[in-house]
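Trainee: Fold the stuff below for me.
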Amino acid sequence: MRYIMIMLAALLACAAPLRAQGQLVIVGGGLADDNDTVFAAFLEALPAPDAPIAIIPAASGVPAHSAAAFAAQLTRRGVAPERIRIIRLAVEDDPDTPDDESLWRGHGEDAGEIARLADVGAIWFTGGDQARILATLVRADGTDTTMLALIRRRLAAGAVIGGTSAGAAIMSDPMLMQGDPLSLVPGAGADRDPIETGQGLGFLRHALVDQHFGERARLIRLIAALRVRETDRRIGLGIDEDTALVVAPDQRTARVVGRGRVTVVDARTTAYPAGPTWAARGTKVGMLGNGESLDLTSLQRSAQAAPTPAPLSTPAPCLSATSAAGLPASQSELIAAISDALAAGGEATCLVSAGQAGLALKFSRTADASDP
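Mentor: A predicted model of the protein is given here:
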């Protein structure tokens, strides 16, 4: 895989757990009902074709609705309704149902709900707020609830675990909780959420996951968040909406399915120099599209695969703008276009401002001899 090097600076405009044996299907949010490729990847990962499937809506603000919506997509694809189990685990009450789902908060220790997970071949985490998943599946002292301990055993026994949006974020440990990259700019103001990481569930060993990646321009956020990890574990995976990263049982390889891209961020040699403004230098960024596979150990494309989606047309070789106007809607597409426009050794700089705050991104292209 070719990588582009990125240097980032915030400025003022005026100035070893156990090996998992089941697959992971990590969706970057915004999963469309007609995305048969992603749904197929989840169902094909079942250890048996008739295995029960559990849906955990804990992250959702409307848990009953979210669970029912995903269940409907499964039945539309031939899953018998009696195979689908909606686990009563939530924090928020769904106002459109007669039940008070907020009373499900303590069901991570409820013997009846836990028993419903005992033989499942798949577990799906809906989107919402990842903090709610932690509130229901992790005890106050940071240890696993009885339900989470069983989920880990099911994964080790071959069950697939999938999730979208918040259900993707919890795959890492630590995980990304929230954050606006412009909070890194001095004087940005308290109205911007700081970038925060916290305890995750850690089903994925290798990397820190971020979601809604290209659509919400989260490259800088992910690079900043990687600083909290040990130097040799500073690997990030940014997953676009309507796109999944399917991780193999041994977690040595992963493949991309869906309509967007996965951005691979290698910050193991990144420098985070101290100073009045935030900066990161020397980060490697690579792109994968539908059908492409990644070796999670070497971070190289593991085999020649289907071509990536064509990037949107952009000015070359250098991009500069005072606002997002005229730029591709997805940051992933923007980076892919820069990569395509740059020859080896070339450079490009993007300037994006928001009010009186700004971020500067400087890219250079390196070619890897192992690239197919």
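Trainee: just checking, Gly286 is part of a strand?
Mentor: Yes - Gly286 forms part of a strand when assessed by DSSP: H, G, I helix; E, B strand; the rest coil.
Trainee: To what extent is it buried, counted in neighbours?
Mentor: 21 (other CB atoms under 10 Å). (Glycine included, C-beta is placed from N, CA and C.)
Trainee: you'd agree it is up against Arg261?
Mentor: No - using CB atoms under 8 Å, Gly286 is not in contact with Arg261, being 10.1 Å away.
Trainee: Below-threshold pLDDT in the stretch 101-250 of the chain: ranges please.
Mentor: 188-190 (pLDDT under 70).
Trainee: so where do the strands sit in it?
Mentor: 122-125, 160-164, 175-178, 196-198, 208-211, 235-239, 243-247 (DSSP state E, counting those that start in this stretch).
Trainee: Redo those strands as CSV? Include distance to Gly291 and mean neighbour count.
Mentor: Putting the strands of the stretch 101-250 of the chain into CSV (distance: least, CB to CB, whole Å; neighbours: other CB atoms under 10 Å) gives the following:
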stretch, distance to Gly291, mean neighbour count
strand 122-125, 23, 28
strand 160-164, 19, 29
strand 175-178, 26, 22
strand 196-198, 31, 17
strand 208-211, 20, 28
strand 235-239, 15, 27
strand 243-247, 11, 28
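Trainee: looking at these, which is closest to Ala51?
Mentor: strand 122-125 (6.4 Å; CB to CB).
Trainee: Neighbouring strands of that closest one in the sheet, and parallel or not?
Mentor: Strand 122-125 sits in its sheet next to strand 53-56 (parallel), strand 160-164 (parallel), going by DSSP bridges.
Trainee: gap between that strand and the chain center?
Mentor: Distance of strand 122-125 from the chain centroid (CA atoms, centre = their mean, to the nearest Å) equals 16 Å.
Trainee: can you list contacts of that strand?
Mentor: 42-43, 45-46, 51-56, 58-59, 70, 117, 133, 151, 154-155, 159-164, 166-167, 170 (CB atoms under 8 Å, 6 or more residues apart in numbering).
Trainee: Any regions of the stretch 251-372 of the chain where pLDDT drops low?
Mentor: In the stretch 251-372 of the chain, residues with pLDDT under 70: 303-329, 334, 338, 340-372.
Trainee: which ones are touching the residue nearest to Phe39 when sequence neighbours are not counted?
Mentor: Among residues not flanking Phe39 along the chain, Arg77 sits closest, at 5.7 Å (CB to CB, 6 or more residues apart in numbering). The neighbours of Arg77, taking CB under 8 Å, 6+ apart as the test, are 36, 39-40, 43.
Trainee: got a pLDDT number for Pro17?
Mentor: Looking at Pro17, its pLDDT stands at 42.
Trainee: need the helices for the protein, in chain order.
Mentor: 36-44, 63-76, 111-115, 130-137, 146-156, 166-169, 219-225, 331-341 (DSSP state H).
Trainee: Check the offset of stretch 128-138 from the chain's centre.
Mentor: For stretch 128-138, the distance to the chain centre is 16 Å (CA atoms, centre = their mean).
Trainee: and if you look at stretch 218-229?
Mentor: The answer for stretch 218-229 is 12 Å, by CA atoms, centre = their mean.
Trainee: likewise stretch 64-78?
Mentor: The answer for stretch 64-78 is 22 Å, by CA atoms, centre = their mean.
Trainee: Dump the C-alpha coordinates for it into PDB.
Mentor: Output of stretch 64-78 as PDB, limited to C-alpha atoms (Å, rounded to 0.1, in the frame of the first residue of the first chain):
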ATOM      1  CA  ALA A  64     -36.700  -0.400  21.000                       C
ATOM      2  CA  HIS A  65     -36.900   1.400  17.600                       C
ATOM      3  CA  SER A  66     -33.200   0.800  16.800                       C
ATOM      4  CA  ALA A  67     -33.400  -2.900  17.700                       C
ATOM      5  CA  ALA A  68     -36.600  -3.400  15.700                       C
ATOM      6  CA  ALA A  69     -35.100  -1.600  12.700                       C
ATOM      7  CA  PHE A  70     -32.100  -3.800  12.500                       C
ATOM      8  CA  ALA A  71     -34.200  -6.900  13.200                       C
ATOM      9  CA  ALA A  72     -36.400  -5.900  10.200                       C
ATOM     10  CA  GLN A  73     -33.400  -5.800   7.900                       C
ATOM     11  CA  LEU A  74     -32.300  -9.300   9.100                       C
ATOM     12  CA  THR A  75     -35.800 -10.800   8.400                       C
ATOM     13  CA  ARG A  76     -35.800  -9.000   5.000                       C
ATOM     14  CA  ARG A  77     -32.700 -11.100   4.300                       C
ATOM     15  CA  GLY A  78     -34.200 -14.400   5.200                       C
END
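Trainee: and the end-to-end length of stretch 208-217?
Mentor: 16 Å (CA to CA, to the nearest Å).
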